[in-house]
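Novice: From the sequence below, what's the structure:
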Amino acid sequence: MILQIIDICYLVAVVLFIVGIKLMSHPDSARRGNAIALAGMLLAIVATFLTPGLNNIILILIAMAIGTGSGLYYAKSVKMTAMPQLVSFFNGMGGAAAALIGLVEYGDLAVDEIGKGAVLMASLIIGSISFSGSLIAMGKLEGVIKDIQINKILAFVLLAVAIAVSVYVLQSGEPQPTLVYVIVLISLIYGLAFVYPIGGADMPVVISLLNALTGVTAATTGLLYDNKVMLMGGILVGSAGLLLTLLMAKAMNRSVANILFTSFGGSAGGPVGGDNGDQVAKEINLYDSSILLSYAKRVVVVPGYGLAVAQAQHAVHDLEKALEEKGVEVLYGIHPVAGRMPGHMNVLLAESDVSYEKLIEMDDINEKFPNTDVVMVIGANDVVNPAANDDPSSPIYGMPILEVNRATNVIVIKRGMASGYAGIENALFFDPKTRMLFGDAKKVLTGLVTEVKNM
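Specialist: Numbering: from 1, shown residues only. Predicted structure coming up:
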């Protein structure tokens, strides 16, 4: 009877996971979806405590308290600019948990349990790769780890060796604890070799893929324990992570293989300068910018990572309200890979109470640019670079962009003329329609609010 109750609770939990993920697909319902998925997880945890013969409950509760307290603290204290790093860290911890479970379970594995052993080895290898790879991705996003070119053939040799040793351990017919630790070590090294050479501009895609791998390890762990909610939850996470990886690659007009095996972009911007050959970037001041904005019919704001760095989301919302009081329509153009993770800009703007209906995705907003009086680019760079459409020699050629150069006027708010995360110069800065408004985004936007209100 108890086992039947547990299975029913697990089934309800999985349904709640699915409903939660579905609601997370839209900003307006994402918060509710997150709460529903959380309820499903809580139900699964409570049901697990009903398992007959469960031991070490005190230790489990202590571990849960430590984990819950740490998670709440970091989730509440982390800055929005560091949210992708936090996601990568949490993802790595999931991989580490799967690998540790594999190590513990190997001690109880009978030598003739080949099927269970294969699942266990998959947990060890994939979990270790996800752990070390996620930590490197986190370091790259934080800017403390630079790109290191590693021979890709050597990296694949490491993976092949880990798999070969796993097969040997399963076929040996006797316990091989030392070789199991060797498998974990080789897999950890492969995780480093896998992520190190990938350019910083591609880290969001890498994190999404690593998240899918962590989902796979959760599913394999569910198989080890015959735990249906872990199996289904892992499948959901793995499939969602893989789909997101493919969607992001499509948004960059690149294949996943090209992203993973071709270095693209760096963790630092390019050189600072004010001209591009015979072209010169033209500046504009606060007063003239406020005139353009105040007398416009439609203004489109294009946010980027620089907006997050400056913590200027509240200031841009204040400017939006000031312009709307003058009858100006204000919209926000959101690129799928703007920021450092999918949905980064949506979450950032939602934090300042920007209406979800004003957050317009790339394909829809591109149709509006020809009828837009002013586009204000704040901290975005590569996602508005017209070279993606006009320059076949550019490394971002073919990448779908926000075609802001089709608007009547473009104001770019930036600290300087440094290149974007992809490490290439932005031709938009030298477009005749573009004016550069240099300065910290928060200070500039606050100044614009004052000037607009005084108009």
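
Novice: Which residues are in contact with residue 209?
Specialist: Neighbour list for residue 209: 241, 242, 245, 256, 260 [criterion: Cβ atoms under 8 Å, 6 or more residues apart in numbering]. No exception for glycine: its C-beta is placed from N, CA and C like everyone else's.

Novice: Let's see the host helix or strand of the second one as CSV, backbone CA atoms only.
Specialist: Looking back up the chat, that one is residue 242. Using DSSP states H and E, residue 242 sits in helix 228-251. Included here for helix 228-251 are C-alpha records, laid out as CSV according to Å, rounded to 0.1, in the frame of the first residue of the first chain:
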residue,chain,number,x,y,z
LYS,A,228,10.4,6.8,-11.5
VAL,A,229,10.3,10.5,-10.6
MET,A,230,14.1,10.8,-11.0
LEU,A,231,13.9,9.0,-14.3
MET,A,232,11.1,11.1,-15.7
GLY,A,233,12.5,14.3,-14.2
GLY,A,234,15.9,13.6,-15.7
ILE,A,235,14.3,12.9,-19.1
LEU,A,236,12.4,16.2,-18.9
VAL,A,237,15.6,18.2,-18.0
GLY,A,238,17.7,16.4,-20.6
SER,A,239,15.2,16.9,-23.4
ALA,A,240,14.5,20.5,-22.5
GLY,A,241,18.2,21.3,-22.3
LEU,A,242,18.8,19.6,-25.7
LEU,A,243,16.0,21.5,-27.4
LEU,A,244,17.2,24.8,-25.9
THR,A,245,20.7,24.0,-27.2
LEU,A,246,19.3,23.5,-30.7
LEU,A,247,17.2,26.6,-30.6
MET,A,248,20.1,28.7,-29.5
ALA,A,249,22.3,27.3,-32.2
LYS,A,250,19.6,28.1,-34.7
ALA,A,251,19.3,31.7,-33.4
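
Novice: rewinding a little: compare the contacts of residue 209 and tell me which has the most neighbours.
Specialist: Comparing the contacts of residue 209 on neighbour count, residue 245 comes out first with 23 neighbours (neighbours: other Cβ atoms under 10 Å).

Novice: Now do the SS call for the spatially most central residue of the chain.
Specialist: Residue closest to the mean C-alpha point of the chain, counted by Cα atoms, centre = their mean, is residue 341 at 2.7 Å. Per DSSP: H, G, I helix; E, B strand; the rest coil, the local secondary structure of residue 341 is coil.

Novice: Excluding chain neighbours, what is closest to it?
Specialist: Nearest residue to residue 341, sequence neighbours excluded (Cβ to Cβ, 6 or more residues apart in numbering): residue 84, at 4.1 Å.

Novice: which ones are touching that neighbour?
Specialist: By Cβ under 8 Å, 6+ apart, the residues touching residue 84 are 141, 203, 204, 207, 339, 340, 341, 344.

Novice: List buried residues within those.
Specialist: Buried by 16 or more other Cβ atoms under 10 Å: 141, 203, 204, 207, 339, 340, 341, 344, out of these.

Novice: ok, so of the residues you listed, who is nearest residue 171?
Specialist: Nearest to residue 171 among these is residue 207, at 35.3 Å by Cβ to Cβ.

Novice: Now do whichever strand or helix holds that closest one and helix 228-251, the angle between them.
Specialist: Assigned by DSSP H and E, residue 207 belongs to helix 203-225. Per axes from the mean of the first three to the mean of the last three Cα atoms, to 10 degrees, the angle that helix 203-225 makes with helix 228-251 is 160 degrees.

Novice: coming back round to it: output the buried ones among the contacts of residue 84 in JSON lines; the columns should cover distance to residue 404 and pLDDT.
Specialist: Compiled in JSON lines, the buried ones among the contacts of residue 84 are given as follows (distance: Cβ to Cβ, whole Å; pLDDT from 0 to 100):
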{"residue": "141", "distance to residue 404": "26", "pLDDT": "79"}
{"residue": "203", "distance to residue 404": "24", "pLDDT": "77"}
{"residue": "204", "distance to residue 404": "21", "pLDDT": "77"}
{"residue": "207", "distance to residue 404": "27", "pLDDT": "85"}
{"residue": "339", "distance to residue 404": "17", "pLDDT": "73"}
{"residue": "340", "distance to residue 404": "21", "pLDDT": "69"}
{"residue": "341", "distance to residue 404": "22", "pLDDT": "70"}
{"residue": "344", "distance to residue 404": "19", "pLDDT": "78"}
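
Novice: quick one: buried residues of stretch 354-362?
Specialist: Within stretch 354-362, the residues that count as buried by 16+ other Cβ under 10 Å are 354, 359, 360, 362.

Novice: what about that stretch, average pLDDT?
Specialist: What stretch 354-362 shows for mean pLDDT is 89.

Novice: Contacts for stretch 184-199, please.
Specialist: For stretch 184-199, the external contacting residues (Cβ under 8 Å, 6+ apart) are 99, 103, 124-133, 136-137, 140, 145, 147-150, 152, 154-155, 158-159, 161-162, 165, 206, 210, 259-260, 263-266, 422-423.

Novice: Kindly recompute the last result at 7 Å.
Specialist: Residues from elsewhere that reach stretch 184-199 (Cβ atoms under 7 Å, 6 or more residues apart in numbering): 99, 103, 124-125, 128-129, 131-133, 136-137, 147-150, 155, 158-159, 161-162, 206, 260, 263-266.

Novice: Brilliant, that's me finished.
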